[in-house]
Every structure is written in structure tokens, then in C-alpha cells.
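> Here is my input, please return the structure:
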Amino acid sequence: MHAPFLRARLAPLALSLSFALAGPSQAAAWPDRPITLVVPFGAGGITDLTARTVAKQLQAELGKPVVVENKPGAGGNIAADIVARAKPDGYTLMVITNGMVAVNPLIHKQLNYDALKDFAYISMIANTPLALVVPENSQIQDLPALISRARSRPDAISFASSGQGTSIHQVFALMQQQTGTTLMHVPYKSGAEAATALLSGVVDVTAVETVVVGPFIQSGKMRALGVTSAQRVPNLPEVPAARESLGADFDVGSISGLVAPAATPEDILARLESAMQAVAQSDGMAQLYAQGSQPMPAGSRLFLERMRQEEKKWRQVFSAEPGK
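Prediction:
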């Protein structure tokens with residue numbers, strides 16, 4: 001066979017082989033620059049604290065900077081829209097919460113994203129319960145007293161939240177459904193603002209994540225009526241679980257997890273999932289768990305399954321919420 005003819009026959013094969021080899025080699029190079037981790041809420045809240053802990057540990061696992069960017073607003077919808085439309089190359093990630101997946105579609109008529117279709121679910125991070133709190137000088141001494149007063153005076157008891165659909169809102173929506181009470185909702189932009197409203201006497205009650213509520217209780221500024229986890233939490237052992245007073249299941253928390261745009265390559269997602277398993281075992285996350293957050297099962301499949309469960313759970317609550 002003549003050499004020119006042989007070269008002509010082999011050229012397409014060589015070209016196709018070069019393309020086949022290029023894909024894996026390019027994927028293996030990821031990450032070769034900083035990664036952006038979007039936080040859908042303002043600085044200082046539990047989602048921000050969780051994201052910054054994860055960013056530090058993920059950076060150690062991947063060997064490239066992981067830069068946190070806060071994009072607050074509309075209960076997380078602004079950040080979700082940005083990330084859903086981002087280039088799916090593994091360089092834009094987001095910490096998402098169960099409220100953004102399961103509650104926002106129920107209370108916002110128009111969303112620019114589909115939480116179950118527009119994101120690739122990588123792994124859950126933590127579940128952070130909350131403590132129902134009143135000012136220390138409040139006449140409401142415990143959760144039964146709060147329920148009794150709310151029943152006798154509908155809408156007279158006000159609660160502050162960090163926004164429509166957020167974990168604080170979820171807590172009071174479920175409580176009202178289970179107790180047949182009606183409280184007045186005063187939404188703010190963050191949990192910090194909600195706590196300030198409580199301490200300023202603007203509202204009667206709110207809920208604060210167990211990770212950050214300790215100093216408020218220790219300083220005598222707030223009194224905890226109950227925690228929203230299935231059992232008491234180690235860092236607040238004297239505070240009863242809400243279910244002890246309500247006599248019904250009351251397990252509410254801010255479940256956080258890591259997501260990427262839906263079309264992110266599978267090999268990058270697999271590497272992120274593996275890295276998150278290591279992150280979950282890190283000293284940084286151990287410190288977060290010790291402060292009141294609870295570890296969650298790792299892996300994309302379990303994450304997506306849990307979000308579907310959350311969607312079903314909160315549809316039953318918010319379809320019957322007062323004012324709906």
C-alpha cells in the first residue's frame with residue numbers, strides 16, 4: 001500500500017482518536033482555577049456559616065481556592081436563578097436549602113428555575129434545627145403558654161422570620177397547622193434581622209438556629225421554649241424538644257446541600273461527591289456538628305430522595321397555612 005494512500009486512510013482515525021483522548025484529559029485537569037461557591041442568603045446566617053466551613057474544607061480536598069459569594073434575596077431565588085443559568089463546568093456551585101427546593105415553589109407564583117431539574121445534586125451537608133425563642137422578659141414562659149395565648153388571641157402573637165419559605169417560616173407554619181393557631185408573620189431579610197426584631201420588642205417570638213442561639217441564651221437576652229429537632233440537642237440539653245410539648249412529630253431544620261448546574265459533566269460531579277465525603281469527616285465540619293448542626297447521609301442519590309420527601313412534606317403544610 002502506498003504511503004500517501006495509507007496516510008489518507010489513517011488521518012481520520014488519528015483525528016477521532018485525538019478527540020476521544022482530549023475529553024478525559026481536559027476533565028482530569030479540573031479544577032485548574034478558583035471555584036465559586038454561591039450562598040443564597042446574607043452573611044452571618046447558618047447557611048453562610050455552613051458554606052464557609054465547606055469552602056475551606058473543599059479547597060483542601062481539591063487543591064484550588066473555593067471563593068464564597070453571597071447572593072441574598074427572595075428567599076434564595078435570586079441565587080438559584082444565577083446558578084441554574086451558570087456555565088455547567090464545575091466552577092460555579094451553590095449551597096441550597098430544603099426551603100428553596102420544597103417551599104419556594106409553593107409560595108412564589110413565578111420562579112425562573114425548577115429546583116429538581118435545573119441542578120445536579122451532589123451531597124447533603126447538614127441539618128440544623130432551631131430553637132423557638134422569646135425575649136428574656138417575656139411573660140411567655142414555655143411552649144404550652146405560647147400555644148395557649150395564640151389560641152385565645154388569633155394574630156395577636158407575632159413572629160419574625162428570615163423571609164417567606166425559610167426555615168423559621170417553616171417552623172411556625174408547621175406549628176400553626178398542628179395546634180390550630182394563627183400567628184402574625186413579620187418577614188425580614190435574614191435571621192439576624194429577625195433576632196434583632198425580637199430583642200427590640202417588635203415581635204413576640206422567633207426561631208434561631210441552634211448553632212448560633214447559645215450566646216443569646218447565656219447572656220440572658222433570650223429564653224428558649226423548645227428545639228425543633230426530634231430529640232434534644234447536646235449544646236442545649238435543658239431545652240425540651242418541641243414534640244415534648246406538642247405531643248406530635250415536630251422535626252424541622254435547615255437542610256443544606258451542595259449543588260451544581262444540571263448539565264455539569266458526570267466525572268466532575270463524581271469527583272465533587274467524593275470530595276464531599278471527605279469534607280463531612282473533616283475537623284471543620286466536626287466543629288459545626290458540635291455546635292448544634294446534625295450530619296446528614298452523603299451522596300447524590302440520598303440527597304435527591306430527601307428533597308423529594310421534603311417537597312411532599314411541605315406541600316401538605318403550606319397548602320393549609322393560614323391566609324392561603
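> Break down this protein into its helices, ranges please.
Applying DSSP state H to the chain gives helices spanning 3-28, 46-62, 77-84, 98-102, 104-107, 143-152, 167-179, 191-199, 210-218, 242-246, 266-280, 283-290, 300-318.
> Nearest to Tyr121, out of these?
Closest approach to Tyr121 among the helices of the chain is made by helix 300-318 (4.4 Å; CB to CB). Every residue, glycine included, has its C-beta placed from N, CA and C.
> Comparing the helices of the chain, which stretch has the densest surroundings?
Mean neighbours per residue, mean count of other CB atoms under 10 Å, is largest over the helices of the chain for helix 98-102, with a mean of 27.
> In contact with Val227, which residues?
Pro129, Leu130, Ala131, Leu132, Thr210, Val233, Leu236, Val239, Pro240, Ala241, Ala242 (CB atoms under 8 Å, 6 or more residues apart in numbering).
> no no, Asn127
Gly253, Ser254, Ile255, Ser256, Ser293, Gln294, Met296.
> and Leu13, what pLDDT?
At Leu13, the pLDDT value in this model is 48.
> for the one 3 residues further on, same thing?
Note on Ser16: pLDDT of 46.
> Okay, now the unreliable bits of the protein?
Within the chain, the set of residues satisfying pLDDT under 70 comprises 1-28, 320-324.
> Can you give me the domain assignment for it?
35-127+254-319, 129-246 (the TED database).
> Quick one: the contacts of Asn127 as CSV, columns for neighbour count and distance to Val279 too.
Shown next, in CSV, are those (neighbours: other CB atoms under 10 Å; distance: CB to CB, whole Å):
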residue, neighbour count, distance to Val279
Gly253, 26, 19
Ser254, 28, 18
Ile255, 23, 16
Ser256, 25, 12
Ser293, 27, 13
Gln294, 16, 15
Met296, 19, 12
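> closest to Leu246 among those?
Closest approach to Leu246 among the contacts of Asn127 (CB to CB): Gly253, at 15.9 Å.
> what are the bridge partners for the closest one, then?
Pro129 (DSSP bridges).
> for it, what are its contacts?
By CB under 8 Å, 6+ apart, the neighbours of Gly253 are Asn127, Thr128, Pro129, Leu130, Ser167, Thr228, Ser229, Gln294.
> what's the closest of those to Gly247?
For those, the nearest to Gly247 is Thr228 (14.9 Å; CB to CB).
> I'd like to know how far the closest one sits from Ala263.
36 Å (CB to CB, to the nearest Å).
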